[in-house]
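A.B. asks: my questions concern the predicted model and sequence given below.
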Amino acid sequence: MTLRTKYLEPWIQARENLERRDWLSKDKEKEETQTLIDKVYNALGSISWSANIRGFSNTERTVTLATYCTDEWLSDIQENQMLDLLQRRLQHEPGGQQIKVESVYFYILLKRGYDARHFTCIWETRHALSSGLGPSCIGFLVNVNRNHWVAVIVNFNSRSILYGDSLNQEPPNDMLAILHWWMHHHTGHRFTTRSLEITYQKDAFSCGLLSFNALAHHFLPMEYPLIAVSNVRNGRLKILLDIIDQHLDQAGVRHLQGRTLLTSLFDRASSPSVKNISSPSLNPKPLLTLCDQKVLYLPKARLG
């Protein structure tokens, strides 16, 4: 995979998508969208194009942030970033210490334990539950059929399992079997299954955002209202801003010295008119040329 394909093209796609949204946004939402896109431009101009993202459980490159600016399906990378943000936010809330937000790999470990009928992979959570020192709620996301995200919350106080699916589908029987097996084995009680409030999607890419939003809304309803189905793209950009803010805080720097590739690529003043984006003469050569020119000014350490 070439340097351009791996690092530059995702950012180019992100910029083009933002420009189209800026131009095509409807009058009633145009001001909000344009203000949000301006914030995204400013934020992206302050980070390096291929550095490690700081302040999150998993180490990922900043290029993975470009996905939030597009309609691409959110992978485990983006889902875990959002879950990390929620867990950190809960730590500052009264009672937040009793809520545990797990990564997207939690259910995978549960399934392995169920399939093998052993518990080594989930020993830490099991021990906490049996000792009575564990959380009152566990929230996590599950990937169904490798193409769809759903939200699950296990509430130990009410002995209930909450399930949220943005396609308005019932939980798969095999998933319920695993969850009920795990809960009964470690608590000795049967748990009921209830619906988790969630926005229903009308597209093919919003399940990742809406499942996370349902999880966050359940725990922090004032801070995370349910996203309107017409506002999912703006919702992705708001998450992006939160991630960049966390990264800059942990990196201990708010402004990079010198101009990075993203400073130039996400510069309103140099942005070509969106009206001409579809023109063969302007797409994509000017942006690729811009990238080629700016790569020369990046430190060699950034090229890895």
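C.D. replies: That came in fine, so what should we check first? Numbering: from 1, shown residues only.
A.B. asks: where does the protein dip in pLDDT?
C.D. replies: Residues of the chain meeting the criterion pLDDT under 70: 1-5, 25-29, 117-134, 253-265, 267-304.
A.B. asks: ok, 90 please
C.D. replies: 1-9, 11-12, 19-32, 34, 42, 44-51, 92-98, 109-136, 181-190, 250-304 (pLDDT under 90).
A.B. asks: next, count neighbours for Lys6.
C.D. replies: Counted by other CB atoms under 10 Å, the residues lying close to Lys6 total 12. Just so you know, the C-beta spots here come from the backbone N, C-alpha and C atoms, and that holds for glycine as well.
A.B. asks: who's in contact with it?
C.D. replies: Shown in contact with Lys6 (CB atoms under 8 Å, 6 or more residues apart in numbering): Val63.
A.B. asks: what is the burial count for Val229?
C.D. replies: Val229: 14 surrounding residues under other CB under 10 Å.
A.B. asks: contact partners for it?
C.D. replies: 199-202, 206.
A.B. asks: ok, so what distance separates it from Arg61?
C.D. replies: Note on Val229: its distance to Arg61, by CB to CB, to the nearest Å, is 31 Å.
A.B. asks: what do you get for Val232?
C.D. replies: In terms of CB to CB, Val232 sits 25 Å off from Arg61.
A.B. asks: more neighbours, those two?
C.D. replies: Using other CB under 10 Å as the criterion, Val232 and Arg61 rank with Val232 on top: 21 against 17.
A.B. asks: ok, for the more buried one, nearest residue in space, not its chain neighbours?
C.D. replies: Counting by CB to CB, 6 or more residues apart in numbering, Val232 lies nearest to Ser206, which is 4.5 Å off, once chain neighbours are set aside.
A.B. asks: I'd guessed the one you found sits against His148; true?
C.D. replies: No - using CB atoms under 8 Å, Ser206 is not in contact with His148; the gap is 10.7 Å.
A.B. asks: among these two, which residue is more densely surrounded?
C.D. replies: For Ser206 versus His148, the count of surrounding residues by other CB under 10 Å is larger for Ser206: 24 against 18.
A.B. asks: next up, the contacts around Leu220.
C.D. replies: If a contact means CB under 8 Å, 6+ apart, then Leu220 has 86, 89-90, 93 as its contacts.
A.B. asks: Leu179 too?
C.D. replies: Leu179 touches 110, 152, 154, 161, 191, counting by CB under 8 Å, 6+ apart.
A.B. asks: inside helices: which ones of the contacts of Leu220?
C.D. replies: 86, 89-90 (DSSP state H).
A.B. asks: and those as CSV, adding distance to Val144 and neighbour count?
C.D. replies: CSV is the format used below for the ones in helices among the contacts of Leu220 (distance: CB to CB, whole Å; neighbours: other CB atoms under 10 Å):
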residue, distance to Val144, neighbour count
Leu86, 20, 21
Arg89, 26, 17
Leu90, 25, 20
